[in-house]
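Q: task: produce atomic coordinates for the following.
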Amino acid sequence: MVTQGTGRLLVHSGFDAFYDAQAASLLAGHWDVPSDAIMGEAFVYRRKSYGYFPFTPALPRMLLNRLFPSHAGEWTRLMMLLAIAGIMASLLAFMDLFEIASSPSLIAIAVLGSTLFFLCSLALVYHEAILTGSALALWAFYFFGRYLKNPRTIFLAAGGLLSFLAFFARFSVGVGPLLLAAFLLLAPRKPASHRALLAVSLSLTVMTFVAINHAKFDTWLNPAPFQYNVQYTAGRLRRIQGKISHFSNIPFNSLAYLGPASLRFRPSFPWLLLTNTGPAAGSAAKIDLIEGYSSILAGMPALAILALLGAGFGEGRWRPLLAAAFLAGCTVLTVSFITYRYVHDFYPFLGMAAVLGMGAAQSIANRPRRLAVKSLIAVAGAWSIAANGAFALTEQRESSWAGTQQKLAFLRLRGRIDSFFPAGKMEPLRYHIGDPVYQLRAGQVLMVDDPPGIYRYDGRQWQHVSGAWLHRFRLRVRFPAGQPNQHLALWYAGRPGASDVIYIVYASDTKLQFCFDHWGTGGACGPLAGIQPRRDALVEIDADRLNSRLKVTLDGQNVLEDPVLFFPWRDPDVLLGRSLAPAVHGMPFTGTIRTDPAN
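A: Below you'll find the predicted structure:
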């Protein structure tokens, strides 16, 4: 899952090179990074770009990029895998610390049936930060737990160091060990040397936090002043009143992350989906953006059951660990951005409490009751694994981070799987431009609204049955004589930021290529095609949205074919002979283009 089916650990893809840039900037003595390293998450202050991600994941890259410079920018998958291994090892360590019998089923549930598996879906800075922070927080809790059991200085020092690193991997989850350190500092009957060590650890963390904020943005306690973020317009800032955290978000976020109904179903593989339902009308929540999300109860019921058992019936001396970890998870309840990955901030609490809960289940004296509890956990575990597998698969293969080829391959796989599960009589589906088409079963009928037409799925692709063809264009084109490497726009559909474009590139005055550009990802160019300047030619464009395929012919000869997931535009949105991005697609067409009457 981490390698997206490729088996390659060291690879750069997408938004995964920020920490390498941060490592280089720290070695050079400053915090700003190149804008292309932080992309749309940049905070621009005094004409310099900064990230809001803390620095811990950048530390190992200082050494790795020095030893293996050719792999700079390629470490995210490996770092995520190491964090996952660290989390699994910590759960085993907690079984030993809590004196709970080893439980492979718990490890399976904690890995495959949780947000841990979901985060494996994409190698992104966001996911690496969350995994690294939760792994370090769990180990910090472990050493503080060792200290509670056997109060030695070495355990306290290890807990303090790991708390510092966890906080500067991800602030929210890293708060948990710091809260526990503060509890230990205030607890009675502690040696003065131990209190001093805790005080130094907490003070160093706070001073580092304040110093970094001031060095970046001239703030003290605000690590992410959103007025400097490149994505935030004045209107968007007004919606959240200039900050990303509000107590008024707690009711909605609590339902989203802790409620029982935070998922949805669709009649197509993999059947379970994250939901994106927003606050009800009249809600006081100041929500900026909602990605797909689910809750602990809906998406991870097995861990939820075990955690409740552990919190309620586990040994009392471990409750400070659970309380600190739970409070750290609750920090996301105020945030104005909703996404399933944030649920992982509860993972240290869930992991530790689940270990205690498994011990409580194992210790039930009444055999029928013990079997009933274990059966409930098994059923909930199967659901959890299925749900998070579905969430991870759709995130990896259907989200905006997935490539076109990945999306199309998954679409074909989904159709094959769906064909094994006939759902009785299939009602015709009504289709509006931009709708996802989930039911890919042979015989399914699709009724397109604009232009009105009917299609039928034959088990491999959608076939036109009657009515108007969707996005077919017949053009009579008189090409001008061109110069080598001259670009001219031919056909533009959509708007800036969401456009599909066909343009031509001349190789000589009588030879050219048809090229395609899908905003943000580019596209292919076809083979060289011969033209007769200033004579009419028939250009046919089949923007086959339903089958995700573009085909262009010139006087009946195929000159361009490319798999495409088109943006949601309509035929009236098409411009002929010009582009709204001339720097990319060339100047307006200098020949003539007219629609063929047979169109």
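Q: tell me which residues in the strand or helix carrying residue 562 are buried?
A: Using DSSP states H and E, residue 562 sits within strand 557-563. Of the residues in strand 557-563, 559, 560, 561, 562, 563 count as buried by neighbour count, 16 or more other Cβ atoms under 10 Å. (Glycine included, C-beta is placed from N, CA and C.)
Q: how about stretch 49-64?
A: Result for stretch 49-64 [16+ other Cβ under 10 Å]: buried residues 49-61, 64.
Q: where does the spatially closest residue to residue 90 that is not a sequence neighbour fall, secondary structure wise?
A: Closest residue to residue 90 apart from its sequence neighbours, by Cβ to Cβ, 6 or more residues apart in numbering: residue 138 at 4.0 Å. Per DSSP H and E: residue 138 is located in helix 125-149.
Q: and the next element down the chain from that helix?
A: Helices and strands here follow DSSP H and E; after helix 125-149, the next one along the chain is helix 153-167.
Q: tell me what that next one is packed against?
A: The helices and strands touching helix 153-167, judged by 3 or more Cβ pairs under 8 Å, 6 or more residues apart in numbering; DSSP states H and E, are helix 125-149, helix 171-186, helix 192-217.
Q: and those helices as TSV, adding mean neighbour count and distance to residue 493?
A: TSV is the format used below for the helices and strands packed on helix 153-167 (neighbours: other Cβ atoms under 10 Å; distance: least, Cβ to Cβ, whole Å):
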stretch	mean neighbour count	distance to residue 493
helix 125-149	25	32
helix 171-186	23	42
helix 192-217	15	41
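Q: TSV please, covering the ones you listed and showing distance to residue 387.
A: Listed next are those as TSV, based on distance: least, Cβ to Cβ, whole Å:
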stretch	distance to residue 387
helix 125-149	18
helix 171-186	22
helix 192-217	36
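Q: pipe those helices into CSV and attach mean pLDDT and distance to residue 284 per row.
A: Output for those, formatted as CSV (pLDDT from 0 to 100; distance: least, Cβ to Cβ, whole Å):
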stretch, mean pLDDT, distance to residue 284
helix 125-149, 97, 27
helix 171-186, 97, 22
helix 192-217, 97, 28
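Q: quick one on the thing from earlier: which secondary structure elements does the helix holding residue 138 contact?
A: Using 3+ Cβ pairs under 8 Å, 6+ apart, helix 125-149 sits against helix 18-27, helix 76-97, helix 115-119, helix 153-167, helix 171-186, helix 319-330, helix 347-362.
Q: dump those helices into CSV; add distance to residue 33 as well.
A: Output for the helices and strands packed on helix 125-149, formatted as CSV (distance: least, Cβ to Cβ, whole Å):
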stretch, distance to residue 33
helix 18-27, 4
helix 76-97, 15
helix 115-119, 23
helix 153-167, 20
helix 171-186, 19
helix 319-330, 27
helix 347-362, 28
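Q: any idea which of those gets closest to residue 250?
A: Comparing the helices and strands packed on helix 125-149 by their distance to residue 250 (Cβ to Cβ), the top pick is helix 319-330, with 8.5 Å.
Q: got the CA positions of the closest one in PDB?
A: Extracted in PDB, the C-alpha atoms of helix 319-330 (Å, rounded to 0.1, in the frame of the first residue of the first chain):
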ATOM      1  CA  ARG A 319      -5.000   6.400  33.300                       C
ATOM      2  CA  PRO A 320      -2.700   9.500  33.300                       C
ATOM      3  CA  LEU A 321      -1.200   8.100  30.000                       C
ATOM      4  CA  LEU A 322      -4.700   7.600  28.600                       C
ATOM      5  CA  ALA A 323      -6.000  11.000  29.700                       C
ATOM      6  CA  ALA A 324      -3.000  12.900  28.300                       C
ATOM      7  CA  ALA A 325      -3.300  11.100  24.900                       C
ATOM      8  CA  PHE A 326      -7.000  11.600  24.700                       C
ATOM      9  CA  LEU A 327      -6.800  15.300  25.400                       C
ATOM     10  CA  ALA A 328      -4.100  15.600  22.700                       C
ATOM     11  CA  GLY A 329      -6.500  14.000  20.200                       C
ATOM     12  CA  CYS A 330      -9.200  16.400  21.300                       C
END
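Q: any residues touching the next helix-or-strand element following that helix, and which ones?
A: Moving toward the C-terminus from helix 319-330, the next helix or strand (DSSP H and E) is strand 337-338. With contacts defined as Cβ atoms under 8 Å, 6 or more residues apart in numbering, strand 337-338 is touched by 244, 253, 256, 287, 288, 289, 290, 291, 293.
Q: just the mean pLDDT for strand 337-338, thanks.
A: Across strand 337-338, pLDDT averages out at 96.
Q: strand partners (parallel or antiparallel) of it?
A: Neighbouring strands of strand 337-338 in its sheet, by DSSP bridges, are strand 289-290 (parallel).
Q: which strand residues bridge residue 45?
A: Here residue 45, judged by DSSP bridges, has bridge partners residue 48.
Q: pLDDT score for the closest residue to residue 592 other than its chain neighbours?
A: Excluding the flanking residues, the one nearest residue 592 by Cβ to Cβ, 6+ apart is residue 478, at 4.4 Å. Predicted confidence (pLDDT) for residue 478: 95.
Q: and the pLDDT at residue 260?
A: pLDDT, residue 260: 91.
Q: check the one 3 residues further on too.
A: pLDDT for residue 263: 91.
Q: buried sites along stretch 285-304?
A: Buried positions in stretch 285-304, judged by neighbour count with 16+ other Cβ under 10 Å: 285-288, 290, 292-304.
Q: report how many residues lie close to residue 518.
A: 20 (other Cβ atoms under 10 Å).
Q: can you tell me how far it is from residue 493?
A: Residue 518 sits 10 Å away from residue 493, going by Cβ to Cβ, to the nearest Å.
Q: and for the two, which residues touch both?
A: With contacts defined as Cβ under 8 Å, 6+ apart, the residues adjacent to both residue 518 and residue 493 are 500, 566, 567.
Q: which of the residues you listed fall in strands?
A: residue 500 (DSSP state E).
Q: by neighbours, which of the shared contacts of residue 518 and residue 493 wins?
A: So for the shared contacts of residue 518 and residue 493 (other Cβ under 10 Å), the most neighbours sit at residue 500, 24 neighbours.
Q: who does that one form a beta bridge with?
A: Taking DSSP bridges, one obtains residue 493, residue 518 as the residues bridged to residue 500.
Q: relative to helix 18-27, how tilted is the helix holding residue 138?
A: For helix 125-149 against helix 18-27, the angle by axes from the mean of the first three to the mean of the last three Cα atoms, to 10 degrees is 70 degrees.
Q: quick one: helix 125-149 to helix 76-97, angle?
A: 20 degrees.
Q: please renumber the chain so that the first residue is 59 from this point on.
A: Happy to do that; since the first residue is 59 now, the last one works out to helix 183-207.
Q: tell me what angle helix 183-207 forms with helix 250-275.
A: 170 degrees.
Q: picking that back up, give me the mean pLDDT for the helix or strand that the strand holding residue 620 is followed by.
A: Remark: after strand 615-621, the chain's next helix or strand is strand 632-634, criterion DSSP H and E. The average pLDDT for strand 632-634 rounds to 94.
Q: direction included, what does the strand holding residue 620 pair up with?
A: According to DSSP bridges, strand 615-621 forms sheet pairs with strand 607-612 (antiparallel).
Q: measure how far the helix or strand residue 641 falls within is from the centre of its chain, please.
A: Assigned by DSSP H and E, residue 641 belongs to helix 640-643. Put simply, helix 640-643 sits 30 Å off its chain's centre (Cα atoms, centre = their mean, to the nearest Å).
Q: C-alpha coordinates for the helix or strand of the chain with the lowest mean pLDDT, PDB please?
A: Using mean pLDDT, DSSP states H and E, helix 462-476 stands out as the lowest-scoring helix or strand of the chain, at a mean of 78. The C-alpha atoms that make up helix 462-476 are tabulated as PDB, following Å, rounded to 0.1, in the frame of the first residue of the first chain:
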ATOM      1  CA  THR A 462      -5.000   9.500 -14.600                       C
ATOM      2  CA  GLN A 463      -3.700   6.000 -15.400                       C
ATOM      3  CA  GLN A 464      -4.200   4.900 -11.800                       C
ATOM      4  CA  LYS A 465      -7.800   6.200 -11.800                       C
ATOM      5  CA  LEU A 466      -8.600   4.500 -15.100                       C
ATOM      6  CA  ALA A 467      -7.100   1.200 -14.100                       C
ATOM      7  CA  PHE A 468      -9.100   1.300 -10.800                       C
ATOM      8  CA  LEU A 469     -12.300   2.200 -12.800                       C
ATOM      9  CA  ARG A 470     -11.800  -0.900 -14.900                       C
ATOM     10  CA  LEU A 471     -11.200  -3.100 -11.800                       C
ATOM     11  CA  ARG A 472     -14.300  -1.700 -10.100                       C
ATOM     12  CA  GLY A 473     -16.400  -2.600 -13.200                       C
ATOM     13  CA  ARG A 474     -15.100  -6.100 -13.200                       C
ATOM     14  CA  ILE A 475     -15.800  -6.600  -9.500                       C
ATOM     15  CA  ASP A 476     -19.200  -5.100  -9.700                       C
END
